[in-house]
Each structure stands twice: as structure tokens, then as C-alpha cells.
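Undergrad: just need the structure, nothing else, for what follows:
(2 chains)
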2 protein chains.
Amino acid sequence: MNKKEDISRRRFVTSAVSAGAAACLLSTRELFAGVAGRSNQENGLTQQSAPALLDHPSWKDQGIENLSRSPFAKLKNIPVHAVTIDSGFWAKRRVINVEKSIPSMHDLLEANGRMNNFRRLIGKSTAAQSGPVYSDSDIYKWTEAVGFALQSGPNPALRASAEKFIDDVVATQKANGYLNTYYVDDKAALSMTVQTQTTGHELYNMGHYLQGAIAFYRGTGDPKMLDAGIRFVDDFLLPSYGPPPLKPIVSGHPEIEMALIELYRTTGDRRQLELARYILSGDDRLQLEPRRTIYMYSGTPFTARTKLEGHAVRAMYACCGATDYYMETGDATYLKTLHNLWNDMTSTKMYVTGGVGSRAAGEAFGDAYELPNARAYGESCAAIGNMMWNWRMLAVTGDAKFTDVIERALYNGINSGMSLDGTLYCYRNPLAFDPATGDKIRNTWYDTTCCPPNLERTFAALPGYFYSTSKDGIYVHLYDNSELAWHLENGTGLKITQKTNYPWDGSVEIGVTPAEASEFTFYVRIPGWAERAQVSVNGKPVAGAKPGEYLSISRKWAAGDVVHLKMEMTPQVIEANPHVVEDAGRVAVQRGPLVYCMEQLDQPSGVKLDDVALDLGRKTTGEFRSEFKPDLLGGVVVLEHPGASLEFGNAHEALYSTYTPDTPKNKPVALTFIPYYAWANREATQMQVWTPLLKT
Amino acid sequence: MNKKEDISRRRFVTSAVSAGAAACLLSTRELFAGVAGRSNQENGLTQQSAPALLDHPSWKDQGIENLSRSPFAKLKNIPVHAVTIDSGFWAKRRVINVEKSIPSMHDLLEANGRMNNFRRLIGKSTAAQSGPVYSDSDIYKWTEAVGFALQSGPNPALRASAEKFIDDVVATQKANGYLNTYYVDDKAALSMTVQTQTTGHELYNMGHYLQGAIAFYRGTGDPKMLDAGIRFVDDFLLPSYGPPPLKPIVSGHPEIEMALIELYRTTGDRRQLELARYILSGDDRLQLEPRRTIYMYSGTPFTARTKLEGHAVRAMYACCGATDYYMETGDATYLKTLHNLWNDMTSTKMYVTGGVGSRAAGEAFGDAYELPNARAYGESCAAIGNMMWNWRMLAVTGDAKFTDVIERALYNGINSGMSLDGTLYCYRNPLAFDPATGDKIRNTWYDTTCCPPNLERTFAALPGYFYSTSKDGIYVHLYDNSELAWHLENGTGLKITQKTNYPWDGSVEIGVTPAEASEFTFYVRIPGWAERAQVSVNGKPVAGAKPGEYLSISRKWAAGDVVHLKMEMTPQVIEANPHVVEDAGRVAVQRGPLVYCMEQLDQPSGVKLDDVALDLGRKTTGEFRSEFKPDLLGGVVVLEHPGASLEFGNAHEALYSTYTPDTPKNKPVALTFIPYYAWANREATQMQVWTPLLKT
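TA: Numbers count the residues shown, from 1 in each chain, chains lettered A, B, ... in the order given. Below you'll find the predicted structure:
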């Protein structure tokens, strides 16, 4: 099983120190302190040859995805370190993420025995195995969060905690490259059986391992964890399961696909890409039941998929892997499938918050238009998967419709997943809630703790989502107070500053400062919701801004140039497709990228959230009063709108009664809305996103 | 574990033959052919003493429940054989049940290895164990269906098939009384551990065993299966788990509670009742997690329950057991709890079809008002459990509100569970359906095949639900062409004939013929939906008929008396409580006891069910055209009503868009409704119960 194949492959040591020495072209930022990796000798790996790592671009200049050599990626990632988010909306979240969330999750992972699972195998702990089969991935996702945090700048304490984890993790690797804390001892015989591949999350764990290792490497230059991951793939996986297909393989919970491709982008070893392709193609020797391959969103050819179904996170991660595969190969069948699936999702299966996965049963996509509110599952991980997939589709196409989904998910269905103080997490992100159900929506810990470190890695990686480069220039995707220090693909140094109070205000002042005056295209994203956006360069209007498109401004840019983007922040009243039964007769409120909701505790005393309706009269837009409240929920714009409280009376106490056409009496009340992401941060109270309209 | 306790108890042999000889008081029907049971000698049980059986009333005169000595049952069951349903709505269903459903289920149980699980243990089969842990119960529920069928009259072929099953089943009983095909061999050590009690369905299986054995005994007088069941309880269960509490016990899936109490009603052995009480009380030594005790609806004191939640079938069966317990003991805490739970269910958690259990996840009750339509779970077994519970509450109280639920569930959410040809079954009974989801709603077989034999036993037992006796007279609950031949509790012979075309027509002619002219009260049920019901005796109006009550007619009844009940069958338009979000702006149509639905294939060509609305104008009642179509769906009244087809146009192709107050254009169309129970009996087509109202 672990016999090494005599496959010729490049194997050379790229020491982290030498990689670190390959400085980035624009050195406008301090170099990270203590970035140089521990040498392989220090790591006690003298017995093993270190695997190959490409050093182009330098480890520290590889973005969230290293698309520098991906032939079918129209847009290329910029490194996380290239963008500094100084102040404002995301800065606050990111400080809390690094100072509170990531450290407290470290302690919780320890307290819940997740690291002792590793230490037990190396004689450092006597604790019994703890947690579900995918518990190793909790450690890896947390390590990835640290890796991304370190890509933004040094943090010796965080780095040291991660290194302690990594040392123990890597020490458990077996001689044949295998690394997993669950399928050991009496369960070792179950390892990599078809049953375990479909339910045991071995490959899922390793996928997260590789993502964590790559992020940590890109944050520190330290290849220790990555080297061991490569050995898992090279020594254990490829000889037994690699193409040409040896033993049957199925990913069970997709994740390994995108990880293998990012590994390929890091090592240049095409067999890793080939294995990802093989897994995406489905191993037809397995003859898995359809209900299994639907749920797993794997095991059958990805290109035969016609709709999103089954486990939402699995489906999103599979789409990520498939998009990554397309970016390396240009296989048109993949792209066609991906576009079809995207249309299926965005036109029938996505919440207005960017959340996906309607059903608690199987944590699954529902049928078309099956979008319940109180019962919405909308797992934080699925919204993150949605963002990750759209990030990849954006790289393929440069189409702003994908950025619209990224923004929708990020500001709403993802951002809701972490409490404002960074210590409580949502697993579900419903669009209506009643504490009387007994459900506790935010918790410090889940036995399946996939979402918390997933949120942490996402916020830690956020700067990497702000811009992309293309052959002809640069794209701006997200708006917040920030500074880019990077370069165009032709090497011209470029600094971009954003000054804004986004998302509370729609004005963004963008300073574009190339190292030298230079012709290129600056692609300014006009969000899909920004109906009357205006763009000017140095005070001169630029025509052609259309919602949901990038406005391309091609000119000779020079130091001191300023782009001004003005987006109207009038609250919008949104209705859902009439086929969404739970939203019939209801509307949602959105202001800028933020979806709003009502919490019971903000409404006038005695008014029940269940009984209120928004009073629009016959108007379309609503007449909202907007007010920024600095002391509320970390500072939010609160909306107020006239509404009514309906008096159903006794006649409506029965569950069913004969129909009466009488409209219930009502009295006028002022309704108060807060941003959805900030819900459930005070006392337990009822919440709803979709509000009934008063019938007039 | 199996050491016999020296507990003094009555043990005497009541031979089935002698029990059979205790003839029923009114011998107006032919005696069953071949009813006499096989003696214990024939059964090869000479080594074991046969347990005690009470013979009062005679085995064949015990109804669905033998409440003859239950001190807190206001109403007593009549035996199934006492009512003959000759022709009409239920006669057709019952003929198919006995001629098609029960025999074909026999073959399917065989084909799917359910009987070989038993035969393997006695060396008659080499097949591996097949099916889930609760597979034994499939055989028992099927045997119960046969038992009830035989209570209506002889059927030698059916009886012979059941006897063959019973012989093999009983032969697997171990010396210590234990009987189960799953927890044997290498799994024997798991038997009755807390883990197995909570998930392994050992006691659930035995509950169904006892119900099957009792029904078969009451249908044939053959005590073989029952004797072995008593040995399980007496020799295995009571010595180790009986009160005073020995080892911890929890029912896991409630069922054993009501079975033990019916066993107590059959044997008079009070320890069986005591054990049921102990299980209902929850064994606090177990310290089970709340999520488990909620799901299982057991393991904590039943009387501490405040709402229906968790697995719907478990909850309904627990309520059945608790009501049975009340009928034997009069424990007021139980009755209070039961009324609270009933109010919770009927005012917030029951479908208009009488189905319960909204969620696929955990097959569970939802929160209050959580009643999705397309995603309704509404398991057939849960609707049956609902009917069984209400049957018990009716016996306690004589209150017609319970009969209303029985009728609602029976005619709609239960009756929908079996195809018109009797060979296909629904597990789920949703209130809206789209075949584009890929869901196949009716199937011949489910690996968890609980619902099919449950439906079969229910239809087989149906005559037993038509009447009850009380100290002062007799109650009529259900209406169909039928003949009762029984007696009042004072022994006066009584024959009652019903002539009707119910539920298609609201006129029921009821001939009341006591053996001799006699003073008693005849309680005529006025269904809750029957708003203007009229009752006359011998042509003379009787005042006081109120919907949802029994009209008591106390007089001297004599041969030739005729009660005429006339109920208006005008279709009714029903609305749901405004808190049921999926039904907002929608109405359901009901005619008599039947809830109606629309199937796509009945609507005008080109009209999409998704886009139609019912046009009531400002009227309350609707103007339906009713027509009985003898050749459609076995003969049904079809309803037609003016409606509209909405033209949403392109603007509504998006999932979310900015709100527009414009009402979509529409064109008038005639909408066609069929009874809900008959849906999905033609080609796969869209269906919905709740139809939007046209906004005017």
C-alpha cells in the first residue's frame, strides 16, 4: 500500500530562508519580524527528503490563491500583506478576530481535547480520542486562520502557539506519510476503506491540513507543516490512489480537491492536479448510491451535475475545487457546469443574506425556491464556501456578478456568524428567530466546530479579497479604509488608498498612486445594488457606471490621481420571487450591502414582532429615517420606518378557521431595523428579516 | 440478569378453545370459521407454563382497546366484528386492504428478508440479517393488520400466512423469554444496554409484538404469539427491569407503554401496568441528555412535558400510553398534561389534514406554527398515532373535539398514505409537491417500512372506531354504510344501520333497533365542520345540534326508529392562523371531512399551478361547482371554482428584486380540486393544498 513508486519527480530543498530572501518588488511595508522558517534540520526531519516548493512568486507574495501561473485565471490574487485595512468596518472585526477569536478558539481547542488527539499518538497525552472524525480539521482551520493573520503582519505569540500545534501534529505522521488521529490503533484497519472515505473525513482533514499548511507557509516561510503535507500526498496518497487510478478514491466531503490544486500551485507537481481531477471525475468503480453521491456532492463526475443539492458545504467546496481545476486546465465542460450551477443557486437557492443550504436535514440545499426563514439552516461554513467559490469564479471571468455574491455573503450571512465581541459563533444563520423555540443561536463552542475557525480564517484573509490584478490593470472589489501597496502585473509599483465610511456611507475616495505615471485600466466595482452610482476621476465625471459591473477607466494614471465613487445609500425594499412561499407578501430591507432585520427589543413596548407590517402605502421605496448610532452594536446605522401593528383578535387564535375577508384592525407604529449581521448580540429576542407588507 | 424472581402471581391456563366458547351476547353474525386456537401442546410449548389470560369479555368481544374494566374510560370500545361496513367509501378501501395491501406486504416482507431474520435463528435460513434494528416490528405490525382483518371475519389464507410467521417468530424465543432478531450473536452483549434501549428499538419491537399478538388473539382466539409475548414480559422484562425499579429502563421509541397496558387489560397482571407507569415516569438514574429525551419523548417524567416536540411518532405513541395509563388509574396529573399537549398540538402544530410532524430532520414536531407545506413531513405513522391518541382521549372524555381530529386525520393525512389500488404507500404526506424535486412520493417498499403495515392495521381496525358505548347509551363517531350488531352496556341487544353516501353526501339515515324497546341515550356526532346540521328522529326534528358536539337523544328507542342526520356539504374555504407563514395569503378548501387539493394535471392546459390564485372577490364562502365523477380516482366529488392565472413576467424571474407595488396581470381560469387523499394516484404532477387568494 505504501510502496514508493519510482516516479521521476523534481525534489529539491527550497529553504524558507532563501525563499524569504526573495523580497517582494514593492517593499513599502516593514518586513515581518521572525518570518524566516525553521530549517528542516531543526524540525528533526533529517531522515526525510524535503519536498519541492516553487519559489515564484516568493512564498510571502502568494495570495489567498496563487494564480500567478494559472493559465485560465483572468484575474490574479494579490498577497494578503499587500492590503492594510486601517480603520473602519472591517478593521474593527479583524482586530477582534486576532485579539479575541483566534486566541480563545486556541484555548477551546485545547480544552476540548482536539490537540490531545495528536499528543496521545506521540506519548504526550493519555486522554482518550475526543470529538468527531473531522476533529483534526478544527486544528488545521485554526492554523490557517493564524497563517492568514501572520500574512498581515507579525504576531509572535500567535505564531508560537501555532508552531507548538504544528510540532505535535507533524510528529504524529507515520513513516508512510499517513497523518490522522482517528483512524489509528484499533480503527487503523478502517483507514481509506470506501466506507471511511465516504464518511470518515480522512481526505477532508488532509484538505484542511494542506490549506492550513499553505497559509502558514505563506505567512511565515516556515515549510514544516507543508513539507509533511506534501509527504502525505506524495508518499501515501499518490502511490496508492494517484492517477492512473490505482485504488478507488472518493472525497466524501469535498475539500481535498481545492487543497490539492493549491498544493500544485505551490509545488508545481502536476500529479497533485491530476489527482484532484481524478477525484472530481468520480471513481466509477465505486458504484455509490445516488443518495450518497448527491449528499456528498462527490463520487460522480462533477461535470454531470446539473443543480446544487445535497450537503451545502460539500457542494460549495466541490465547486471551489472544480473552478480551481478549470483555472489550471481550461476544460470548458467544467466552466459550463459551473455557470449552470451558479445560475441554479443565485436564481433559486440563495438567501438574501448570501447564505445557502436551506435544510437542517443533511445540512442541505433545498429544492428550488425552498428558502424558509426561521428554519433556514444557512450554515456559516456554507456562506463562506459560497464566498470562496465566487472568488474563484471572479478570478476566471472578472464578472462583477460574482463579486456581488461575495459582498452579499461577507457582509451578511458570514458576518452574522461571529458575535460582535468575537467569542460566540452561529452555526445556523436563520432569517427569523424566536427564543421561545429554546434554540440558542450563538455559542462559544460546538462539538462540530467547523464554523468558528472557518470564520476566523475568512476574516484573517480578508485583505486578499480587496483587489485583483489583470494583464491590463487592477480591479477593486471591496471598499473600506485601506491601503494597497503592490504592483501591476507588468511590475509597475502601485499604491492605492481608500478613504470611506463604507458601508455606512456610499462615498469612497480612492487615491491611485503608481510608482511612475503609467497607462493601465482601473476597474471600479459598481455593486449590483448601487442604482445611481457616480464615478469621477480628479473631480471629472466618468460615464458608464452600471450597477453590477466593473467600470473600466483606462488612462495614464499618475501620483495624486483620485477616483471618487459615490453610491446612493437609500434603503431599498426587496421582494422575493413569488415562488418563495415564506416570503410571499413580505419584503426585506437592504441599505448598501447590508441586509437589515428587526429585533423585538427595538420595537415599541407592547408591539409583537409577529404582528407587525411595514406600511409602504402604494409607494415602492419606503421612507426610512437613517441614523448612525455610535454606541449601538459597535456603531450601526439604524433604520426607522412607519408600520402597523395588526390586531388579529380572538378569531385568529384557532389554527384553522373559515376564511373571512376582513382585514384585521391595526394601529400605526414606528418599526426599527438593525443590520442583520449584528442580530442576537444583546438579550435573546425575536428577529425577522422578511416583514409582511401592510395591505392597503 | 434472567434469574426468576419468586414473585407470587396467578398463572392459569385459559385455553383458547374455552375462551372461544364464551360466545358473545348477540350472535347475529356468523361465527368465524376455524377460529379456535391451536393448543399449547400443538405449539410445542409443553415445556413452559402458559401465562394467564382473562376471559372477560371473551377474546373475540374485546375491541381495539379492551376498556371493559378501565375505571376512567367513560366510553368503551365495541368489538371490531360488531360493525360491518358493507359498501361505500370505507368498504372499498377495506376490501383492497385485505385483498391487495396485506397480501402484497406479506410478499414484500418475505422478499426483503424480514422473516428470514427469524428463520436464521432457528436454522431455517442462511440469509444475513437484513433491515434496520426495528425490522422485527414490520412483521408484528403486519400480523396485527391480519389480526384485525380476522376480527372482521374469517380469511383462512391470511390466517395461515400469519400462523406461519408466528410459528417461526415464537420459535426464536430464548429460554429466558427474550425475543429479538437483531441483538443476537455478536450483538447479544449490546442487548438492553442504555445505548440499545435508546436507539435499538428492542422494547419498541416488543410493543408491536404485543399489539400484534393481542390483535391476532382477539381475531382468532389463538394465544400462541400472545403467550410468548407474556413470557417475554413476565420472564425477561419484569424480573430484571420491573418495578420496584431494578435495572434502568427507557423506552427509546415509545410503544411498549400502550402495549403493556393493553396486555394488562388482557391478562389482569397489574405488574404490566406498573412497568408501563415506571417507563412513563422516566428513570432518573439514566441522566439522559435533554436533546435525547426530547427526541425520544421518553426518559423523563411524561407529566413534566409541556409541549409536543421531538420525533412525532414517538410523541404520539407516548401520549397513547399515557392516556391508557390514565384510563386505568385516574391520575389527574396525566390528564392535565394530556390536555395541555393536545391544545399545543391542535392550536399550533397540526396540519389541516390531521398530519403532524413538520420536520424531516428528526421526523419531528416543529415549533409552534411551523407548518411548511412542500417540506411537510407528516409521516403516515404520525397521523395514525394522532388518531390513536385521540381515540383514547375520546374514550376518557366523550368529547367530540377528539373525534373531529380522528376524522380529520383518518380521511386526509392517513388515507393519503395508501394509494387507491392499495399497493403504494406514502411515508411523507406533504401538502404541496413538485415532481421536479425528484421525490417519489408513493412507493411499494421502504427500508424503514413502518408506515405500510401501520396503514393496513388501521384500515383493518376501522369498524372498531365507529361506535362506543357508555353507561347510559351509545355514541356514533363515524358515518358510512354499515351495520352494528352489539349491545348496550346493560346487555340490551342493539342493531344500528347506517345508510349514507358519506362523505360525498351529508345525509345519513340511521336505523336504531334495540332487541326490545328501551330507554337509553343515542349520542349523534355533529362534526365540527358541519355548521348547519339537522337531526330528526322518525321525521321529527331534534333541537340542539351543535358542530363539534355529540347531540344526545335520550328516549325510549324501539325497533323501526330512524335518526336522520343532514349535514350541509357546501365546500368551505379555510384560512390558517396568520402565524403560519407558509399559508399567509392562502386558503384551503374542505368539503365535509375531506380536505381538497389541486393537481396540475386537472388544470387548464398552459396554466401553471405555481401561478394560480383563487378568486373569491370579497366573498367568504366561494362559489364552487361540485360534481361526483364515478370514474375518476375511484369515484370522487370534484370541485371547480373561478380563479386566475397570474402573469408575473420577466420581472419575477430574479430571486430578489426591488419591490414594486404593481399587482401582476392575470387571466381568469377555472380551478379544479380533488380530495387530498386521492392525490398522486395518476401521473407525477404538481400538487398543492393551500392556494393563494387573488388580491382584489
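Undergrad: going by C-alpha atoms from here, please, whenever you check contacts or count neighbours.
TA: Noted.
Undergrad: buried sites along the helix or strand where A:Ala322 lies?
TA: Assigned by DSSP states H and E, A:Ala322 belongs to helix A:312-329. The neighbour-count check on helix A:312-329 (16 or more other CA atoms under 10 Å in any protein chain shown) flags A:312-329 as buried.
Undergrad: so it, near chain B or not?
TA: No: Helix A:312-329 does not reach chain B (CA under 8 Å from any CA of the partner chain); its nearest approach is 15.4 Å.
Undergrad: is chain B contacted by the following helix or strand past that helix?
TA: Toward the C-terminus, helix A:312-329 is succeeded by helix A:332-348 as the next helix or strand (DSSP H and E). Yes: Helix A:332-348 reaches chain B (CA under 8 Å from any CA) through A:346-348.
Undergrad: the residue nearest in space to the middle of chain A and A:Met393, how far apart?
TA: Centroid-nearest residue in chain A, with CA atoms, centre = their mean: A:Ile384, separated by 3.0 Å. For A:Ile384, the distance to A:Met393 (CA to CA, to the nearest Å) stands at 14 Å.
Undergrad: the bottom helix or strand of chain A by mean pLDDT?
TA: helix A:16-21 (a mean of 31; mean pLDDT, DSSP states H and E).
Undergrad: and the following helix or strand past that helix, what does it pack against?
TA: Sequence-wise, the next helix or strand downstream of helix A:16-21 (DSSP H and E) is strand A:76-77. Here strand A:76-77 touches strand A:467-470, going by 3 or more CA pairs under 8 Å, 6 or more residues apart in numbering or on different chains; DSSP states H and E.
Undergrad: pLDDT on the helix or strand following the strand it packs on, on average?
TA: Next helix or strand after strand A:467-470 toward the C-terminus (DSSP H and E): strand A:473-476. Here strand A:473-476 scores 98 as its mean pLDDT.
Undergrad: strand A:473-476 - contacts with which helices or strands?
TA: By 3+ CA pairs under 8 Å, 6+ apart, strand A:473-476 packs against strand A:467-470, strand A:518-526.
Undergrad: now those as a markdown table including distance to B:Tyr264?
TA: A markdown table is the format used below for the helices and strands packed on strand A:473-476 (distance: least, CA to CA, whole Å):
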| stretch | distance to B:Tyr264 |
| --- | --- |
| strand A:467-470 | 76 |
| strand A:518-526 | 76 |
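Undergrad: mind checking which of those strands is nearest B:Ser240?
TA: Nearest to B:Ser240, of all these, is strand A:467-470, at 70.8 Å by CA to CA.
Undergrad: off-centre distance for that closest one?
TA: 18 Å (CA atoms, centre = their mean, to the nearest Å).
Undergrad: report all helices and strands that that strand contacts.
TA: Using 3+ CA pairs under 8 Å, 6+ apart: strand A:467-470 touches strand A:76-77, strand A:473-476.
Undergrad: need the winner for burial among these.
TA: strand A:76-77 (a mean of 25; mean count of other CA atoms under 10 Å in any protein chain shown).
Undergrad: now that strand: average pLDDT?
TA: In the prediction, strand A:76-77 has an average pLDDT of 98.
Undergrad: now stretch A:341-354
TA: Averaged over stretch A:341-354, pLDDT sits at 98.
Undergrad: put the alpha carbons of it into CSV.
TA: Output of stretch A:341-354 as CSV, limited to C-alpha atoms (Å, rounded to 0.1, in the frame of the first residue of the first chain):
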residue,chain,number,x,y,z
LEU,A,341,-24.8,25.6,-11.0
TRP,A,342,-24.2,29.3,-10.2
ASN,A,343,-27.4,30.2,-12.0
ASP,A,344,-29.3,27.5,-10.2
MET,A,345,-28.0,28.8,-6.9
THR,A,346,-28.4,32.5,-7.4
SER,A,347,-31.8,32.3,-9.1
THR,A,348,-33.5,29.7,-6.8
LYS,A,349,-31.4,28.7,-3.7
MET,A,350,-29.6,31.6,-2.1
TYR,A,351,-30.8,33.6,0.8
VAL,A,352,-30.9,37.4,0.6
THR,A,353,-28.0,37.2,3.1
GLY,A,354,-25.8,35.2,0.8
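Undergrad: which other residues reach it?
TA: A:305-308, A:356-358, A:365-371, A:378, A:383, A:386, A:405-406, A:408-410, A:412-414, A:595, B:653-656 (CA atoms under 8 Å, 6 or more residues apart in numbering or on different chains).
Undergrad: before we move on, what about stretch A:467-483?
TA: A:74-78, A:82-90, A:395, A:403, A:407, A:465-466, A:488-490, A:495-503, A:508, A:520-525, A:550.
Undergrad: report the buried residues of that stretch.
TA: Buried residues in stretch A:467-483 (16+ other CA under 10 Å): A:467-470, A:473-483.
Undergrad: try stretch A:594-605
TA: Neighbour-count burial for stretch A:594-605 [16+ other CA under 10 Å]: A:594-601, A:603.
Undergrad: over to stretch A:157-175?
TA: Buried, per 16+ other CA under 10 Å, within stretch A:157-175: A:158-159, A:162-163, A:165-166, A:168-173.
Undergrad: which of these fall in strands?
TA: Among the buried residues of stretch A:157-175, no member is found in strands (DSSP state E).
Undergrad: would CSV of these with distance to chain B be doable?
TA: As requested, these are exported to CSV (distance: CA to the nearest CA, whole Å):
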residue, distance to chain B
A:Leu158, 36
A:Arg159, 39
A:Ala162, 35
A:Glu163, 37
A:Phe165, 32
A:Ile166, 35
A:Asp168, 34
A:Val169, 33
A:Val170, 36
A:Ala171, 36
A:Thr172, 33
A:Gln173, 34
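Undergrad: just flag the most distant two among those.
TA: A:Leu158 and A:Gln173 (23.4 Å).
Undergrad: now do the SS call for the closest residue in space to A:Ala545 that isn't next to it in sequence.
TA: Spatial nearest neighbour of A:Ala545, chain neighbours left out: A:Leu551 (5.5 Å); criterion: CA to CA, 6 or more residues apart in numbering or on different chains. Three-state call for A:Leu551 (DSSP: H, G, I helix; E, B strand; the rest coil): strand.
Undergrad: contacting residues around A:Leu551?
TA: Applying CA under 8 Å, 6+ apart, the residues near A:Leu551 are A:523-526, A:544-545.
Undergrad: could you check how far it is from chain B?
TA: For A:Leu551, the distance to chain B (CA to the nearest CA, to the nearest Å) stands at 22 Å.
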